[in-house]
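# Sequence plus the predicted model coming up.
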Amino acid sequence: KWITEGHKADHFVTLVKTSGSGGRGGMSMLLIDTGEGVSTKLLKTVYSSSARTAYVVFENVKVPIENLIGKENEGFTLCMHNFNHERWMIAVKMLARARRIVEETFKWTLQRQVFGKPLVNQPVIQEKLAAMIARLEACQCWEEQITQRMCTLSFEEQNKQLAGEIALFKYEAAQLGHVVADGAVVCFGGRAMSKAGMGHLVERYQRTYRLFGVYGGSTDVMASLGIKQALRNLGSPSPKL
């Protein structure tokens, strides 16, 4: 019922039920134009008012047949085709945001003086930085590996081989956010709660980083999908080792 950019959208790509049959077979993809029967209401969010996130209501909307995307009752398949690239993109964004925060945190610990020495000299701070950097660089390597395979595999091969791996990559990128947010807040201290000064990026990050874990499928869904894909590729394993 709600979507980012909905308050200023001219069109909505919408998955709707068009058949009485249950499951994925009874859904179609429609392009619904903003107009009679379509209303939106701006929603306040914790991230940004410029996103124009809106509550969307469709009431007795008439959609012309030419606005059907793909074939009738096959819209679910179209929706699934988009997820691999969408989830990869979201995970890449999460890594980019995390890297910026790690950079800001490292610079701050070099500048901040505690008992006459830079904050980075404190063992507990070194442990926080190490945890942030190690998880970030591991995720970066995974990102580059998946990206290389996306550029070389066919679309059909990507769906078969990478759907589960991309899901787990996005899952791990979300877990990285927890580590980075926690470490940055510890290192910045009270400045991490300030919307001004050197801590403003950390304040925004610790307040909004969880959102990216929800986009494109929440972390628990990604974990489940990754394991289900692994089991599917495994086939029917023997009950004996």
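Here it is on my side, so go on.
# what's the burial count for Glu144?
10 (other C-beta atoms under 10 Å). Heads up, the C-betas are built off the backbone N, CA and C, glycines and all.
# One more: Asn159?
14.
# who touches it in this structure?
Each residue near Asn159 by C-beta atoms under 8 Å, 6 or more residues apart in numbering is listed here: His81, Asn84.
# For it, which three-state class applies?
helix (DSSP: H, G, I helix; E, B strand; the rest coil).
# any idea how far Met150 is from it?
Using C-beta to C-beta, to the nearest Å, we find Asn159 at a distance of 11 Å from Met150.
# so what sits against both of the two?
Contacts common to Asn159 and Met150, judged by C-beta under 8 Å, 6+ apart, are Asn84.
# Quick check: which helices or strands does the longest helix that the chain contains pack against?
Across the chain, the helix with the greatest residue count (assigned by DSSP state H) is helix 75-111. Where contact means 3 or more C-beta pairs under 8 Å, 6 or more residues apart in numbering; DSSP states H and E, helix 75-111 is packed against strand 11-17, strand 27-33, strand 117-118, helix 123-152, helix 155-161, helix 163-188, helix 200-208, helix 210-214.
# Most tightly packed of the ones you listed?
helix 163-188 (a mean of 22; mean count of other C-beta atoms under 10 Å).
# Determine how far it lies from the middle of the whole chain.
11 Å (C-alpha atoms, centre = their mean, to the nearest Å).
# which stretch in the helices and strands packed on helix 75-111 is the model least sure about?
Among the helices and strands packed on helix 75-111, helix 155-161 has the lowest mean pLDDT, at a mean of 87.
# and Gln122, what does it touch?
Val114.
# And Val57, by the same measure?
Contact analysis of Val57 by C-beta under 8 Å, 6+ apart lists Lys1, Val38, Ser39, Thr40, Lys41.
# Which residue of this protein lies farthest from its centroid?
Gly116 (41.5 Å; C-alpha atoms, centre = their mean).
# So for it, what's the pLDDT?
At Gly116, pLDDT is 93.
# One more: the one 3 residues further on?
Reported pLDDT at Leu119 in the predicted model: 96.
# That one contacts Trp108, correct?
Yes - the pair Leu119 and Trp108 qualifies as a contact (C-beta atoms under 8 Å) at a distance of 7.5 Å.
# Report the set of residues contacting both of the two.
Joint contacts of Leu119 and Trp108 (C-beta under 8 Å, 6+ apart) are Cys187.
# Next up, the contacts around Glu36.
Neighbours of Glu36 in contact, by C-beta under 8 Å, 6+ apart: Val61, Lys62.
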